[in-house]
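A.B. asks: Below is the structure, and that's it, no one-letter string:
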């Protein structure tokens, strides 16, 4: 931690001492944030590293709850680690803070981080603070591989199963509600979708299933977009459209025709996992998911022809996805 | 690398394929930037980690050469690694790109990164691309400790020597010239100082001298400010004012009274090292510096009384430092 500055009359030292220090769990390798850097020490282990950023007006709105922002910056990175088959160990945080950031914001934000850190057992290793006209957060996460069996995306084979965890589309509906592009009268249902948008949860089953998987990725840009990246023009996919998992609330939305269900295949901000695996592991994966309380659905299989088709072999004409940038 | 976006009609894939891919030196652990994360594998070694960011209108001007920006984002992190006694191994890069970024900018920027990577032997491990209204760069560097002797700032003892590498103040003069707060007629001299501001160089002698040092830090916020952080209110320092290293050009500036020399003690954007070490290693440190072509000057010693005094024991009344933010 090493840049002197003030934001909203809060000095860097003040922010570190009052809000960030508690996040290092007193690990000696963080040097209590007093050195130019920190370190990790790992005996013959692979360290998986990922980095992701979120920005005001792109990934969240100005005025969004700091709780939601803490949830987003961690989920976006945690789900990347899960996709690589590892659990988190530590992270670094680069905060670009505008003047509207105050004590209350920092307190709620760091308490939410603390909660998430305790849930998944990782600590803050270091970071950097800067002034900015917009709120931007950048974070680098380190995960440990227990098995040394780190997943790569290019071990897919013909006839592999395609799975997806959780439910698709809820977060997209939440965003469309906030942007007033759609409306729902039922207040409880409205809140359900908006919460799914504000508080994405990472699906941390990756480390449990990695040894049975050919490839895993987290859905950040929509199911179709991320599946296409996995296929890498080498294979295609046949999708079992009726198997795509949706919440009971989303099913009601479809019935009342608030939105067409084909949009769901491209909805991002979700962070569930796409898992591709040999059909011989079908039972194993299904059981592991059940054991870990994770919903998982078999939604397709790998085919030779490098395109994406539905159950009747019709090429899927997916509408343009919603703009990632507001 | 995993965010789909466009800036100035350049897609993420295009930027990765055309400009960033060359920076990974074909290391298999980067997965050719096709996975959700990358990894490092180290046998029983400590990995030193640091992260730092630079922002348009704070750390550089809009329109500054991409060469200069590449030099700054690497130097600020490399000198942190050097201060911890290690050499770089790999880095991650988070780029927040405004619409004025074009092919030429990306080409010059990444070619300069390539040059710096080859010079110090490190590669790009991964990163993240986002849109932004201002250019912001955030980077996380990983360094390897050969000796397992990672430096902490709190092993300072009474009567330790205080050293500083390089020359102080040149970069500050360059910035003051650019801000038109001072003026120099001699065009060559003006260029000299401005180049020192635009192209800071890390002093990478840290890994060579770490086993003889009690504490090392890089000067980012000015000599006095960073020394104070090292002393941490536990010790003081007596400074040998006449020993402070300045370039021959800076000496000329002092003579013509363009600026008072006391400002130099607080000039930042420098990235030379402050080294504190036992006086029994004085010869060793001086020889190692010479052998590695690094200028090093003995500028003070650690005293009990926790304040900073000059040769005649007068407390140093340093003027307010220049504002870090433009």
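C.D. replies: Thanks, I have it. Computed from a predicted model, the values in this text were never measured in an experiment.

A.B. asks: Next, the contact list for residue A:116, please.
C.D. replies: Contact analysis of residue A:116 by Cβ atoms under 8 Å, 6 or more residues apart in numbering or on different chains lists A:70-71, A:74. Where C-beta positions appear, they are placed from N, C-alpha and C, glycine not excepted.

A.B. asks: quick one, domains of chain A?
C.D. replies: Chain A is divided into the following domains under automatic domain parsing: A:6-144, A:161-309.

A.B. asks: For the shortest one, the averaged confidence score.
C.D. replies: The pLDDT scores in domain A:6-144 average 90.

A.B. asks: now that domain: how far from the chain's centre is it?
C.D. replies: Domain A:6-144 sits 15 Å away from the centroid of its parent chain (Cα atoms, centre = their mean, to the nearest Å).

A.B. asks: check contacts around residue A:227.
C.D. replies: Listed by Cβ under 8 Å, 6+ apart, the contact partners of residue A:227 are A:162, A:237, A:274, A:308.

A.B. asks: try 7 Å this time
C.D. replies: A:237, A:274 (Cβ atoms under 7 Å, 6 or more residues apart in numbering or on different chains).

A.B. asks: doesn't it fall inside a helix?
C.D. replies: Yes - under DSSP: H, G, I helix; E, B strand; the rest coil, residue A:227 sits within a helix.

A.B. asks: any idea how far it lies from residue A:206?
C.D. replies: From residue A:227 across to residue A:206, the span is 17 Å (Cβ to Cβ, to the nearest Å).

A.B. asks: and what of residue A:250?
C.D. replies: Taking Cβ to Cβ, one finds residue A:250 at 24 Å from residue A:206.

A.B. asks: Looking at these two, which is more packed in?
C.D. replies: More crowded of residue A:250 and residue A:206, by other Cβ atoms under 10 Å in any protein chain shown: residue A:206, with 28 against 24.

A.B. asks: quick one, phi psi at whatever residue of the stretch 151-300 of chain A ends up closest to chain B?
C.D. replies: When scored by Cβ to the nearest Cβ, the stretch 151-300 of chain A has residue A:221 as its residue closest to chain B, at 4.9 Å. Main-chain torsions, residue A:221, degrees, to the nearest 10: phi -110, psi 20.

A.B. asks: doesn't residue A:268 make contact with it?
C.D. replies: Yes - contact criterion Cβ atoms under 7 Å: residue A:221 and residue A:268 qualify, at 5.0 Å.

A.B. asks: And the two? Which one has more around it.
C.D. replies: Neighbours per residue (other Cβ under 10 Å) separate residue A:221 from residue A:268, with residue A:221 holding more: 23 against 19.

A.B. asks: what about that one, distance to residue A:266?
C.D. replies: Distance of residue A:221 to residue A:266, given as Cβ to Cβ: 8 Å.

A.B. asks: and if you look at residue A:249?
C.D. replies: 19 Å.

A.B. asks: what's the answer for residue A:69, then?
C.D. replies: Relative to residue A:266, and taking Cβ to Cβ, residue A:69 is found at 24 Å.

A.B. asks: quick one: the helix or strand where residue A:125 lies near chain B?
C.D. replies: Assessed by DSSP states H and E, residue A:125 sits inside strand A:123-131. Yes - judged by Cβ under 7 Å from any Cβ of the partner chain, strand A:123-131 and chain B are in contact via A:125-128, A:130-131.

A.B. asks: can I get those residues in JSON lines with neighbour count?
C.D. replies: Output for the residues of strand A:123-131 next to chain B, formatted as JSON lines (neighbours: other Cβ atoms under 10 Å in any protein chain shown):
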{"residue": "A:125", "neighbour count": "27"}
{"residue": "A:126", "neighbour count": "29"}
{"residue": "A:127", "neighbour count": "27"}
{"residue": "A:128", "neighbour count": "24"}
{"residue": "A:130", "neighbour count": "23"}
{"residue": "A:131", "neighbour count": "19"}
